[in-house]
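Colleague: Fold the following, please.
(chains A and B)
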Amino acid sequence: MLLSVPMKGQPRKRAFALAYTLIVAAVIFLFAGALFMRATETIRYSGIDVNSVHATALADTGAQLAYALLRDHDPQYFKTQNPLRSIDLGPDFAPSVIGGTFEVTVDDADYTATGLYPDNGTFYTLVSTGRVGNHSARSEMTLKMTNPLLNYLFLSPRNLWIGAGTTVVGPIVVNADPVSGEPGNLTLSHASEYYNGISHAYQMDQGDLKLDIQARASGDIQIANGCDHGNTAPPLLLNGRYPPQSLQNQDFNILCTWGSWAASVIFTDECALEAHAKFTTKIPTMKKLLEKFRTGAGPAPLDITSAGPEGVLVEFTNGQVFVSQAARRQIGRVYDKALALDEGSYPMSTDYYEPYFGITPAQAQAKLDAEVAWDDPGLPDDNYPADIGPGTGDYCDVYRTERAAPLASYTLSATNWTTIYLTTSRTDFLSVDGKPMGPPVFVRGIVKGKVMVVYDVTDDTLDPNEDRLHMMILGEHEMPADSPANKLPTGGAPGVVGGVLYADRNIKTDPDQVVFSSDRCVLLCRGTLTGAGDPGVHRGHMHDMAGNPVNYRQQIWDLDAQYSNYYTGTPGDWDFRCSPNWIGYWGDGPHCNFYGIAVASHAGGERWRIRSDGQFVDARNYDYPGGIAKWGDMGVASPPAGEATTDVAIFPFAMRRARCAPGYSGDVRGSFHSLVTAYKLSGDAHYDYSWQALKEAEIRTEMFLPIQPVIASFQRL
Amino acid sequence: MKRAGLTLVEVLVSLFILAFLSSALVVVYTSMLGGSRKTAVNSESVAALDAIRDCWEIKIRDTWPDTPAPDAPITYPGTPYRDYVYRVDDLGRVKNPLNTSVYLEMKRVRLQLDYKDQDADHNTITRTYETVFHVVR
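Modeller: Predicted coordinates for the structure are as follows:
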């Protein structure tokens, strides 16, 4: 009842006013509630406008600028200017240019002691605040102060290709091409192919690929069948867990034409792949790596110019380093007919010839005989030794690298680094093919302690393209006959071990591993770095200097076993093997194990060319390449009568390789970096995680390497 | 007989007050609604600007272009940002503020985002957001 009328004598009622008030109040509350809700939303959204975006951008700019200055200018600059304010940075960072201001504070307190950061290096915290009008935003970076090369298995400036039959463990970063800017792809290939010069066709290579990697690429991470010339991939099996990526494969499900072999790509549970990473990890330039050595802040240089084109031998043994002039000693000859006899014991030549040329065994043998009978104009002639004679044929000399005049020696420490800085003031020694070079440096032995070997020129003009200096891990054990006057090992040790190993071979291949070696080795060459040595194959019927037949291949194998037995108690440890344990037409190079970190400007491809006068380490597809063996490739003017100009010549090919050959394969326990050139991986590679624990001070003051921050985390707060 | 109810004046005043309050609330609410809708539209554009900035940051870090940005606006049909056009006006290098004789591995990028909006007369117009950010390689 809205209009009630009180009866006479009754108390006056205000029912109308009460109801009316309640209704008005309800309406007001209803409207006000809706209004407040909407207003709250409005206020919330009104905080996100273009100024907030811009404040965030400025906070990011401050953080990135500080990161760039720490990395490219001076990692210690903040000690003189902290906080860093944009208004103090000149016209490029004036408020009118960047639309606001930023302020950056760097905190270099070592929080590893309090457990905030993991105890595997030195970390800085960087906080940047951006301001635009009334808006402000914060960005925070955690920077690991280190040298990036020490923190990754591979830090590639371009596309990185990891091939079949390989085990890879460790963190990997593939950056964009610094020249073209093209994103760098990481390609994991379970199948690839090579050109067979005999059949003149591409043939497939395949195998399991085992990956325990943490890979980051600026481009794609791909699983690819690397066969581009019609070969079908084998059935591919993907095992393990992996994140969704741009996996590419031309034909996973097409059966292999070689039979029922299957190739697997096996991801472990630790495998993590990240394509198109936001931050790239910049690779330091060779110039920057050598800066302290150049300015005298590092050790005094050891000039090896006088070693000439024979180079020097750097050998590790018994906790010492011996630097000597290298010598080349001829140990025998390989005659073309002897090679044929050796091949006869292992009839791979006829095995190849028969199917590919579609000929009978007798015709294949006739083809071999024709090649032996051919007088190769590129090789000298001599009468055959009695055991293979009579007659005259081509031959090539076989050499070994051994120690000559000593240049210096060092005693290694288990705690402090010993850094050996080799320099040359001449890079105009001519190689066999007339290319200028400095004295080559051969490195081998067992490292006990911490050592770093650096090879540089005294002036950049001596090596403008960073390709004239060559360092090689020598895949040759010291033989009993080598360096007889001053044989280095003592105490019953057989000699200096080929490859570079640690005395304590406990490599930290898992971040959680507790017991690991404290031995360390870094090889840093401003040119190229590869493996090299005396190949074991094609040596079954060699002749020594007295003309007696020698099974040199067996000698090398026996030496492998002898070294392994001495150091491990078993004859078959792979780490002591310098020669493939099989005989094959293609695998005619040494096997080179390497423990430590190797850094060079170039690796692989056409830049991988190393030669010294009289012995050479060549490259695939270069001069007398493995895998492609055409007459034309060998520069032979007149092939054997009756042979097509494109036919393969096994014997001339093999004989030209009967010197110091490039490493055919090798295993890395540490890391391997090419600063300029993209490269492909052949051989197992295990990162040594103990390198990640090096502190900033040790890297800076003992190794004389530049400190360069790596972004460990980035957050917008 | 004396009536005990509200007088006509009281009723009229009450109705007036009620009408005033209601009108005020409706006006305020409507304007807030319009404003918040406007904010929502803007915030979508702001979010797009933010996202595009991140995309460009990654893109520039990867490709590190050494040529000027294209003059024509860049469009990406088929993406969540298909309603927008944006351009990069400045890919210039930045000098090291601590040593102005060298450049930093840093680029300054001016990003504009054009987006469609409506004016008070419901005409479709193009508005522009702009921000400046830097990329380190």
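Colleague: So the residue positioned nearest the centre of chain B, which state does it fall into?
Modeller: Centroid-nearest residue in chain B, with Cα atoms, centre = their mean: B:Asn42, separated by 3.3 Å. Secondary structure, DSSP: H, G, I helix; E, B strand; the rest coil: B:Asn42 is helix.
Colleague: Excluding covalently adjacent residues, which one is nearest to it?
Modeller: Of all residues not flanking B:Asn42 in the chain, A:Asp49 sits nearest, at 6.5 Å (Cβ to Cβ, 6 or more residues apart in numbering or on different chains). The C-beta positions use only the backbone N, C-alpha and C, and glycine is treated the same way.
Colleague: mind listing what A:Gly670 touches?
Modeller: A:507, A:521, A:594-598, A:686-688, A:691 (Cβ atoms under 8 Å, 6 or more residues apart in numbering or on different chains).
Colleague: measure A:Thr56 to chain B for me?
Modeller: A:Thr56 sits 7 Å away from chain B, taking Cβ to the nearest Cβ, to the nearest Å as the criterion.
Colleague: name the helices or strands packed onto the strand or helix carrying A:Asp342?
Modeller: If you go by DSSP states H and E, A:Asp342 is part of helix A:336-345. Packing partners of helix A:336-345 (3 or more Cβ pairs under 8 Å, 6 or more residues apart in numbering or on different chains; DSSP states H and E): helix A:348-357, helix A:361-373, strand A:392-411, helix A:650-656.
Colleague: Alpha carbons only: can I get it in PDB?
Modeller: Extracted in PDB, the C-alpha atoms of helix A:336-345 (Å, rounded to 0.1, in the frame of the first residue of the first chain):
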ATOM      1  CA  ASP A 336     102.000 -48.900 -56.700                       C
ATOM      2  CA  LYS A 337     102.400 -52.700 -57.100                       C
ATOM      3  CA  ALA A 338     102.800 -53.200 -53.400                       C
ATOM      4  CA  LEU A 339      99.600 -51.300 -52.900                       C
ATOM      5  CA  ALA A 340      97.900 -53.700 -55.300                       C
ATOM      6  CA  LEU A 341      99.300 -56.600 -53.400                       C
ATOM      7  CA  ASP A 342      97.900 -55.100 -50.200                       C
ATOM      8  CA  GLU A 343      94.600 -54.500 -51.800                       C
ATOM      9  CA  GLY A 344      94.700 -58.100 -52.900                       C
ATOM     10  CA  SER A 345      94.800 -59.100 -49.300                       C
END
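Colleague: got the buried residues for it?
Modeller: Counting neighbours by 16 or more other Cβ atoms under 10 Å in any protein chain shown, one finds that the buried residues in helix A:336-345 are A:336-340, A:342-343.
Colleague: now the angle from that helix to strand A:392-411?
Modeller: Interaxial angle of helix A:336-345 relative to strand A:392-411 (axes from the mean of the first three to the mean of the last three Cα atoms, to 10 degrees): 80 degrees.
Colleague: ok so, going back, most surrounded residue in the contacts of A:Gly670?
Modeller: Of all the contacts of A:Gly670, A:Tyr687 has the most neighbours under the rule other Cβ atoms under 10 Å in any protein chain shown, reaching 30 neighbours.
Colleague: List the first helix or strand encountered after the helix or strand of chain B with the lowest mean pLDDT toward the C-terminus.
Modeller: Lowest mean confidence among the helices and strands of chain B (mean pLDDT, DSSP states H and E): strand B:85-88, at a mean of 68. Downstream of strand B:85-88, the first helix or strand assigned by DSSP H and E is strand B:93-96.
Colleague: Could you pull out the helices in the chain for me?
Modeller: Since you didn't name a chain, this refers to chain A. Ranges of helices in chain A, per DSSP state H, are A:15-46, A:50-72, A:95-98, A:286-289, A:291-294, A:336-345, A:348-357, A:361-373, A:552-568, A:650-656, A:696-701.
Colleague: that's the wrong chain, I wanted chain B
Modeller: All helices of chain B, identified by DSSP H, fall at B:8-63.
Colleague: For stretch A:80-89, give me every contacting residue.
Modeller: Stretch A:80-89 is contacted from outside by A:58, A:62, A:65-66, A:69, A:78, A:93-95, A:98, A:101-106, B:97, using Cβ under 8 Å, 6+ apart.
Colleague: Need the pLDDT of A:Leu462.
Modeller: We have a pLDDT of 97 for A:Leu462.
Colleague: What residues does it make contact with?
Modeller: Neighbour list for A:Leu462: A:424-427, A:438, A:468 [criterion: Cβ under 8 Å, 6+ apart].
Colleague: ok, now A:Arg131?
Modeller: By Cβ under 8 Å, 6+ apart, A:Arg131 lies in contact with A:55, A:58, A:100-103.
Colleague: what about 10 Å?
Modeller: By Cβ atoms under 10 Å, 6 or more residues apart in numbering or on different chains, the residues touching A:Arg131 are A:51, A:54-55, A:58-59, A:86, A:95, A:100-103, A:137.
Colleague: So among those, where is pLDDT lowest?
Modeller: A:Asn51 (83).
Colleague: Could I get the buried residue list for stretch A:463-474?
Modeller: Buried residues in stretch A:463-474 (16+ other Cβ under 10 Å): A:463, A:466-474.
Colleague: can you pick the most crowded of the contacts of A:Leu462?
Modeller: A:Gly438 (29 neighbours).
Colleague: where's that residue relative to A:Thr490, distance?
Modeller: Noted for A:Gly438: a distance of 32 Å to A:Thr490, by Cβ to Cβ, to the nearest Å.
Colleague: if we can go back for a sec, got the buried residues of stretch A:463-474 as CSV, with distance to A:Ala414 columns?
Modeller: Shown next, in CSV, are the buried residues of stretch A:463-474 (distance: Cβ to Cβ, whole Å):
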residue, distance to A:Ala414
A:Asp463, 34
A:Glu466, 33
A:Asp467, 36
A:Arg468, 35
A:Leu469, 30
A:His470, 30
A:Met471, 25
A:Met472, 27
A:Ile473, 23
A:Leu474, 25
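Colleague: Alright, calling it a day.
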